[in-house]
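In: coordinates only, sequence not included:
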């Protein structure tokens, strides 16, 4: 019976469609002329608030029509499930030109007459990476000017229906929707589509994609830009191609366009860093056999005869230095002279990246008509939530109009609550990091005992040392904790930012960005900071070890240094985050949309409408780009703050970003509803965060080279303490290990067993032997090394900072040709406007208008001459 009803419904809809003779896979009203600029959907559920929702919708839609918008409703009987109503919205020409002036939208006035820049000599080499010209530049380049209703003759209006692009149209309609009132409730005036979505009056509000992504639209009036983007940009097989940024901007708006421009530029610059990092890694690989330190450790006559002190109290045994042979060889991959070169190179690379991005951004600002955007931003981005929640008003000293405002006392209370919440969560991260450190200290003895007594682990015991096993498991545990804390804090950060009631959209994004970045910075980097700067630095010495909470003995570094452990930590956290992020971005939306996409492919297009297809997709929320930026900036921190420990980090980031661009483009084009177009003239507060991290990276890498790697102690030994002229580094291992008399062990530290009756053991430090008058105090070599480390940090920081600031000073933020084009456009705009005013004045004089005087005519001509002179 149920299947029969479905069949009858199918027949009725088929008859209805046949009568109409129009495919429902269309972006136009039923008349086939008026374009659908926005769609609202709702479900007519009969609950206790049903009447109130009906009244809200009626009032809201009536006010939309009063604002000039045209509506067309699709009954629920026409929908796939028979439950959802769709309200299609069209903005006629009169509405578009009115709000284009309000929003200060720039439109073409004349084709650009400045010749394009000189051709790149590498164009023939880069030809395989290029996209077709019609994809890269779908329309000519124009000089533009802000739209004015009174001067429509100035603009290149060939066709009113296509003069404003679909992204401009949906931006205008969204502006009206967010400010349209729908009644008064509880004595307060209510307005805005966002509130109606939150209270369930409407279920969705979105602009339409122009076609299905896998095939062109059948309507010849449709540009099928979504299909072009999918075929030329969103498929992974196009990973080596440049991005069609002009088309991305045209389809999605400037805000999304600038993100992909930045991500693409960042990926291009990573290529250079990845190549240099790979060369440094290969240098370490090819010189591994020449490393004297690992040779001595692996030599049975040297490392095999050196008895090391136990690495934990009571349960651990004495061990021979050559058991760490493999790990010492692998540590040379990252702890060599090339490490110093790469750390300095990355300090300069990050400056080049930021400076060249400023130039690229300046070019985009001009090409995308964003040069004068900052003033517009302040005027237009007042958040509707701010207007709704701030009941008190005061007079604006500039406009002399009454505006809503938040009292100072209320702001102070909200900021205190917000600050306390952020501080609590940062403290929670620090507590979790301490818990992981305690885990490392507690399980180390267990790993040491297990690996010594388990025969099955003997074949890999040389590679998998207790230190490495502890580091790997602790890193994995730390990564899991990071992801769990992220999940909860994201929701907390949004809640406290909403509670602060920021005034503008930019202010909201900046506050949320700083909260999220502060948390993510501590969350992701705290474990790396611990391994780099604290582990093995406060150990003490045998008989006088230092303890955490007077219970767990502090960790020691491997005899080959802590750098290999920092590399392990960095690799696991960085690679794990990138893999998890891509799975989350690609798989989750795909699963959520699988059912809807299956219906879209299996149903005829005339039974599955364009608005229903888009309704079944995921929503790309206002914070969608925020998370994309955050992910990339955290990655940027990994490849700059700790790059001295892992030269392959830029290569990992490069491979991830090549995939990231295609994953982001694929999900945006195929898995998400079309976002509302939004303007942005830069990457915003992220630029300042990147600048801060670039400066911090110089300091962290200098400290890593000085205190985490063994480079400075080796150099001091080479120049000051080596006694073998033929092989200056021979004897370094013996020199770097101090002697301890086993009989001096207190009962708490002494191992339970000493089957070979060792008398002395060695430990990693520079202290006097037990028979010296300064027994177990630091030797003069220790202070020489410390002085050399501090001197190295000061010298490296100053050298890199001087080079950074010199490079930043040498590279202008705005290219010379862009400056010329901006001046040309301003001059041309003024000239055209003055000529227009002069013509109007002539007409008035000819018509005998008494208000048009000859003096006014002369003054206008004089202004034109002055403009030309300027």
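Out: Thanks, I have the structure now. Values in this document were obtained by computation on a predicted structure and should not be read as measured data. Numbers count the residues shown, from 1 in each chain.

In: next structured bit after the helix or strand of the chain with the lowest mean pLDDT?
Out: Ranked by mean pLDDT, DSSP states H and E, the helix or strand of the chain with the weakest confidence is helix 2-20, at a mean of 45. Counting by DSSP states H and E, the next helix or strand C-terminal to helix 2-20 is strand 38-43.

In: buried stuff in stretch 829-847?
Out: Residues of stretch 829-847 classed as buried: 829-830, 832-834, 841, 844 (neighbour count, 16 or more other C-beta atoms under 10 Å). In short, each C-beta sits where N, CA and C put it, glycine included.

In: What is the distance between that stretch and the centre of its chain?
Out: With C-alpha atoms, centre = their mean, to the nearest Å as the basis, stretch 829-847 stands 49 Å off its chain's centre.

In: What mean pLDDT does that stretch get?
Out: For stretch 829-847, mean pLDDT rounds to 79.

In: Give me the most central residue, this structure.
Out: Closest to where the C-alpha atoms of the chain average out (C-alpha atoms, centre = their mean) is residue 629, at 1.8 Å.

In: Setting aside sequence neighbours, what's the nearest residue to that residue?
Out: Closest residue to residue 629 in three dimensions, ignoring its sequence neighbours and counting by C-beta to C-beta, 6 or more residues apart in numbering: residue 686, at 5.2 Å.

In: Number of residues surrounding the one you found?
Out: Neighbours of residue 686 under the rule other C-beta atoms under 10 Å: 21.

In: Which element, helix or strand, includes it?
Out: In the assignment (DSSP H and E), residue 686 maps to helix 685-703.

In: And for that helix, what's in contact with it?
Out: With contacts defined as C-beta atoms under 8 Å, 6 or more residues apart in numbering, helix 685-703 is touched by 343, 346-347, 350-351, 354, 509-510, 513-514, 517, 532-533, 629, 633, 636-637, 640-644, 792-793, 796-797, 800-801, 804.

In: any idea which helix or strand comes after that helix?
Out: Using DSSP H and E, the helix or strand that follows helix 685-703 in sequence is helix 711-716.

In: Pull out the buried residues from that next one.
Out: Those would be 711-714, 716, for helix 711-716 by 16+ other C-beta under 10 Å.

In: Can you spell out which helices and strands pack onto the next helix or strand after it?
Out: For helix 711-716, the succeeding helix or strand toward the C-terminus, using DSSP H and E, is helix 732-736. Helix 732-736 is packed against helix 292-298, with contacts defined by 3 or more C-beta pairs under 8 Å, 6 or more residues apart in numbering; DSSP states H and E.

In: give the contact list for residue 359.
Out: Listed by C-beta under 8 Å, 6+ apart, the contact set of residue 359 reads 811-815.

In: Can I get those residues in TSV including pLDDT and distance to residue 370?
Out: Shown next, in TSV, are the contacts of residue 359 (pLDDT from 0 to 100; distance: C-beta to C-beta, whole Å):
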residue	pLDDT	distance to residue 370
811	89	21
812	90	19
813	89	15
814	89	13
815	89	15
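
In: Could I have the ChimeraX command that selects the buried members from those?
Out: Only the buried members of those end up in this ChimeraX selection, burial being decided by 16+ other C-beta under 10 Å:
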select :815
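
In: Surely residue 518 is in contact with residue 423?
Out: No - shown here, residue 518 and residue 423 do not form a contact pair, counting by C-beta atoms under 8 Å, at 10.0 Å.

In: And the strands in the stretch 301-450 of the chain?
Out: Listed in chain order, the strands of the stretch 301-450 of the chain (DSSP state E, counting those that start in this stretch) span 307-308, 319-320, 393-395, 402-404.

In: Give me the buried positions along the last one.
Out: By neighbour count, and taking 16+ other C-beta under 10 Å as the criterion, the buried residues in strand 402-404 are residue 404.

In: so what strands line up beside it?
Out: Applying DSSP bridges, strand 402-404 is found paired with strand 393-395 (antiparallel).

In: Check the average confidence over the strand it pairs with, would you?
Out: Here the average pLDDT along strand 393-395 is 77.

In: which outside residues touch it?
Out: Outside strand 393-395, the residues within contact range by C-beta under 8 Å, 6+ apart are 401-405.

In: what distance separates that strand from the centre of its chain?
Out: The chain centre lies 38 Å from the centre of strand 393-395; the measure is C-alpha atoms, centre = their mean.

In: Kindly report the same for stretch 673-690.
Out: 10 Å.

In: Straight-line length of it, end to end?
Out: By C-alpha to C-alpha, to the nearest Å, the extent of stretch 673-690 from end to end equals 30 Å.

In: and what of stretch 748-766?
Out: Length of stretch 748-766, first residue to last, C-alpha to C-alpha: 23 Å.

In: Just the buried residues of it, please?
Out: Across stretch 748-766, burial judged by 16+ other C-beta under 10 Å covers 749-751, 761-766.

In: wait, what's in contact with residue 337?
Out: With contact set as C-beta under 8 Å, 6+ apart, residue 337 has these partners: 283, 711.

In: So for it, what's the pLDDT?
Out: What the model reports as pLDDT for residue 337 is 88.

In: try residue 765
Out: Per-residue confidence (pLDDT) for residue 765: 90.
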